[in-house]
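S.K.: Quick one: sequence and predicted model below, then my questions.
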Amino acid sequence: MNSESQGLSGLKRVLGDLPGARPGGPLCVVTAGIHGNEPAGVHALRRVFATIAQGKVPLQGRFVALCGNIAGLERNARFISEDMNRVWSKERVSALRASDPARDNSEQREQRDMLAHIDADLDDPHGKVTHLDLHSTSSIGPPFTVIAGPGASRAAANHLGVPLLLGLDSVIGGTLIEHMGNLGHSTVLIEGGQNDAPSTIDHHESAVWLTLEFAGVVRSADIPELDALKARLLAGADGLPHELEIGYRHRLEPEEEFRMLPGYSNFDDVVEGQLLARSGPGFEIEVRAPWTGTLLMPRYQGQGLDGFFLGRRSTRAG
Ligand SMILES: [Zn+2]
């Protein structure tokens, strides 16, 4: 038995790999724990694989789940040397492939191994590929999705029904969804809620099932309690905008002290000039909202160079 209250130890890269009924069918790849302080996705995937095994749920395609930052997950640290969700640009991936593994830092070792698995999985004969990357946030808030690449990912994100953030790729480079998008696949990141909240595991579990459905890997009729899984994911998103465009990233310097004012959550409305955080030596510098919009992913943890983001309701068509 896996206890979800225990820390994660003895993790392997491959959390599960189930073949489909026939070769050449659709492929669904789910990744979890790219950030080591976000264990909920790993717990959720364990639940889904257990349910499939117990219920003998038939698969129409292949379902692969990979673990991201194993060393980080074991220490409950977002990362050891560098953020593993900023290293997937074309340039960084090519540089990693060309570099000496003996010189890898902790995240490069993890990325090299993960890349080998992704390459091998995509090399296998397969039809349509759908990728889902499971994340969570240090602040509380409802689940939402992020896409970075071309339009193909939008349908996969909309299938989950929670608010969709557009334009992250214009403020953050090198995410894993950027890599999968560069390869032409549908790829969605979901922020499931607060890092250690039990509901975040529930949200991720729902999102995995719905993505398996979207991918054509599991038939709707074969998913146990599909309606309840959907309702659980949508419950927190009532009244929120369907799509938001990210327009601002409050970027931090590597050693910069930064502290959000207490009490902010994802999707809080803020107005231009509102005091959001303090930074610098002695936290003497006031950080105010540069414009009126929606606060996203305020940082309530010690690591990472993203203080917060601001979004506005999307005006993009479709
Ligand atoms: Zn994350």
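M.R.: Structure's in. What do you need? Treat the numbers as computed from the prediction; the structure is a model and nothing was measured.
S.K.: What ranges in the stretch 51-200 of the chain fall below the confidence cut-off?
M.R.: 149-150 (pLDDT under 70).
S.K.: who touches the residue of it found nearest the ion in this structure?
M.R.: Closest approach between the stretch 51-200 of the chain and the ion, counting by Cβ to the ion: His135, at 3.4 Å. All C-beta spots, glycine's among them, are computed from the backbone N, C-alpha and C. His135 makes contact with 34-35, 38, 41, 85, 189-192, according to Cβ atoms under 8 Å, 6 or more residues apart in numbering.
S.K.: can you narrow these to ones near the ion?
M.R.: The subset of the contacts of His135 within reach of the ion, by Cβ under 5 Å from the ion, is 35, 38.
S.K.: Of the contacts of His135, which pair is most distant in space?
M.R.: Farthest pair in the contacts of His135 (Cβ to Cβ) is Asn85 and Gly192. Separation: 14.8 Å.
S.K.: all strands for the stretch 201-318 of the chain, in order.
M.R.: Along the stretch 201-318 of the chain, counting by DSSP state E, counting those that start in this stretch, strands occupy 243-251, 258-260, 268-270, 275-279, 285-288, 293-296, 306-313.
S.K.: Of all those, which one comes closest to the ion?
M.R.: Nearest of the strands of the stretch 201-318 of the chain (Cβ to the ion): strand 306-313, 10.1 Å.
S.K.: For the closest one, which outside residues touch it?
M.R.: Strand 306-313 is contacted by residues 165, 171-172, 241, 243-252, 258, 260, 264, 270, 276-277, 279, 287, 289-291, 293-299 when judged by Cβ under 8 Å, 6+ apart.
S.K.: Close to the ion: what parts of the stretch 1-150 of the chain are there?
M.R.: So far as Cβ under 5 Å from the ion goes, the stretch 1-150 of the chain lies against the ion at 35, 38, 135.
S.K.: So which of these belong to helices?
M.R.: Of these, none are assigned to helices by DSSP state H.
S.K.: mind putting these in CSV, distance to Asp121 included?
M.R.: Output for these, formatted as CSV (distance: Cβ to Cβ, whole Å):
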residue, distance to Asp121
His35, 21
Glu38, 22
His135, 20
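S.K.: Show me which of those residues is closest to Arg62.
M.R.: His135 (23.0 Å).
S.K.: beta partners of that closest one?
M.R.: In this structure, His135 bridges to Glu191 when assessed by DSSP bridges.
S.K.: can you tell me the helix or strand for Asp113?
M.R.: Assigned by DSSP states H and E, Asp113 belongs to helix 106-123.
S.K.: Run a quick neighbour tally on Ala156.
M.R.: By other Cβ atoms under 10 Å, the residues close to Ala156 number 21.
S.K.: Can you list the buried residues in stretch 46-66?
M.R.: 46-49, 52, 57, 59-66 (16 or more other Cβ atoms under 10 Å).
S.K.: With just CA atoms, put that stretch into PDB.
M.R.: Below are the C-alpha coordinates for stretch 46-66, written out as PDB (Å, rounded to 0.1, in the frame of the first residue of the first chain):
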ATOM      1  CA  ARG A  46      -0.600   5.700  -8.600                       C
ATOM      2  CA  ARG A  47      -4.300   5.800  -7.900                       C
ATOM      3  CA  VAL A  48      -5.200   5.700 -11.700                       C
ATOM      4  CA  PHE A  49      -2.900   2.800 -12.300                       C
ATOM      5  CA  ALA A  50      -4.400   1.000  -9.300                       C
ATOM      6  CA  THR A  51      -7.900   1.600 -10.600                       C
ATOM      7  CA  ILE A  52      -7.000   0.400 -14.000                       C
ATOM      8  CA  ALA A  53      -5.500  -2.800 -12.600                       C
ATOM      9  CA  GLN A  54      -8.400  -3.500 -10.100                       C
ATOM     10  CA  GLY A  55     -11.200  -2.800 -12.600                       C
ATOM     11  CA  LYS A  56      -9.400  -4.400 -15.600                       C
ATOM     12  CA  VAL A  57     -10.200  -1.200 -17.500                       C
ATOM     13  CA  PRO A  58      -9.500  -1.900 -21.200                       C
ATOM     14  CA  LEU A  59      -7.000   0.400 -22.900                       C
ATOM     15  CA  GLN A  60      -7.400   1.400 -26.600                       C
ATOM     16  CA  GLY A  61      -3.900   2.900 -26.700                       C
ATOM     17  CA  ARG A  62      -0.700   3.100 -24.700                       C
ATOM     18  CA  PHE A  63      -0.600   5.000 -21.300                       C
ATOM     19  CA  VAL A  64       2.900   6.000 -20.000                       C
ATOM     20  CA  ALA A  65       3.500   8.000 -16.800                       C
ATOM     21  CA  LEU A  66       6.900   9.400 -16.000                       C
END
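S.K.: how far is that stretch from where the chain is centred?
M.R.: Averaging C-alpha positions (Cα atoms, centre = their mean, to the nearest Å) puts stretch 46-66 20 Å from its chain's average.
S.K.: list the contacts for His126?
M.R.: 24-27, 61-62.
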